[in-house]
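J.: Here is a sequence with its predicted model. Questions after.
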Amino acid sequence: MLIATWNVNSLRVRLPQLSTWLASNPVDVLALQETKCPDEEFPHTELQALGYQVVASGQKSYNGVAILARQPIEAVACGIPDYLDEQKRVLCATVGGLRVINVYVPNGQALDSPKYQYKLGWLQALRAFVRDQAAQHPHLVVLGDYNIAPEDRDVHDPQAWEGQVLVSEAERLELTQLFDLGLSDVYRRFAQPERSYSWWDYRMMGFRRNHGLRIDLILATQQATQLCDSCHIDKEPRAWERPSDHAPVLANFNI
DNA sequence: ATGGCTTAGGTGCTAAGA
């Protein structure tokens, strides 16, 4: 089962690119972030025409997550239980025996911003939820836009980014604590090109100069990781006309 | 140099992203 995650930065703007990408990458499951689309305006018909079942949790202007799948989508749940959050950032479903948690982690804006404290608290709540889900579903993946570069090798210029949001110590510690639940970053289980990133700034020719960060991750439980035989970032759509600033990340699980 | 683009909302600009 080939699964992927992609922050599309507005689903309605990116529908043509998504359609083109799915035509040559007919993944079984696709987790989308930043749909920026209320549920009542979600383009169900267009995505069904591409051969996918769809579930979505969205809102106007910001955030929003969705899961597309070729097989039936079961046991759908929105948000983190017992964590009140107006922002639509989490969507769970089971597809073909694989439990999927699609996450759009808060950006945090800056270390002295209240949004950074929200990010850290949100990650703590996510961790408790993932611990619970992993206990119930040995075959679990937690994938999406983490807005955290796990290590310095995931940052084009670690010196320039040192101490900034997306790489700061406290948020990396939160990510480490997710790994400590038994999850692994499946991208790093395989040989990868040097300077691999999943996001590049729209400004200053960030993509052309490969000034990027690897912040879109596929995490898997130990049992799911054992079934994973490949993972890569598809940079191609980042070079298309009117691209998302993120590239899709794909992984195959033999389930 | 904290900018540089891109999106949404709304119609001239601001907020937000990463």
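T.: Arrived safely, thanks for sending.

J.: Just the C-alphas of the strand or helix carrying A:L30, formatted as PDB.
T.: Using DSSP states H and E, A:L30 sits in strand A:29-33. The C-alpha trace of strand A:29-33 is given here as PDB (Å, rounded to 0.1, in the frame of the first residue of the first chain):
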ATOM      1  CA  VAL A  29      -3.700   6.800   0.500                       C
ATOM      2  CA  LEU A  30      -3.000  10.500   0.400                       C
ATOM      3  CA  ALA A  31      -3.000  12.700   3.500                       C
ATOM      4  CA  LEU A  32      -3.500  16.400   2.600                       C
ATOM      5  CA  GLN A  33      -2.800  19.400   4.800                       C
END
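
J.: Parallel or antiparallel, list what pairs with it.
T.: Under the criterion DSSP bridges, strand A:29-33 sits next to strand A:2-7 (parallel), strand A:65-69 (antiparallel) in its sheet.

J.: Show residues contacting the last one.
T.: The one in question is strand A:65-69. Contact with strand A:65-69 is made by A:11, A:28-33, A:35, A:42, A:47, A:52-58, A:73, A:76, A:88-91, A:93, A:95-96, A:100, A:102-104, A:144, as judged by CB atoms under 8 Å, 6 or more residues apart in numbering. For every residue, glycine as well, the C-beta is placed using N, CA and C.

J.: Next secondary structure element downstream of the strand holding A:L30?
T.: Note on strand A:29-33: by DSSP H and E, the next helix or strand toward the C-terminus is helix A:44-49.

J.: near DNA strand B, which residues of the stretch 101-250 of chain A show up?
T.: A:106-107, A:109-110, A:115, A:145, A:147, A:165-166, A:199, A:201-204, A:213, A:215, A:242, A:245 (CB under 7 Å from any atom of the strand).

J.: Where do the helices of the stretch 51-200 of chain A begin and end?
T.: Listed in chain order, the helices of the stretch 51-200 of chain A (DSSP state H, counting those that start in this stretch) span A:114-136, A:158-161, A:169-179.

J.: For A:N7, find the nearest of those helices.
T.: helix A:114-136 (15.8 Å; CB to CB).

J.: what angle do the closest one and helix A:169-179 make?
T.: Following axes from the mean of the first three to the mean of the last three CA atoms, to 10 degrees, one obtains 10 degrees for the angle between helix A:114-136 and helix A:169-179.
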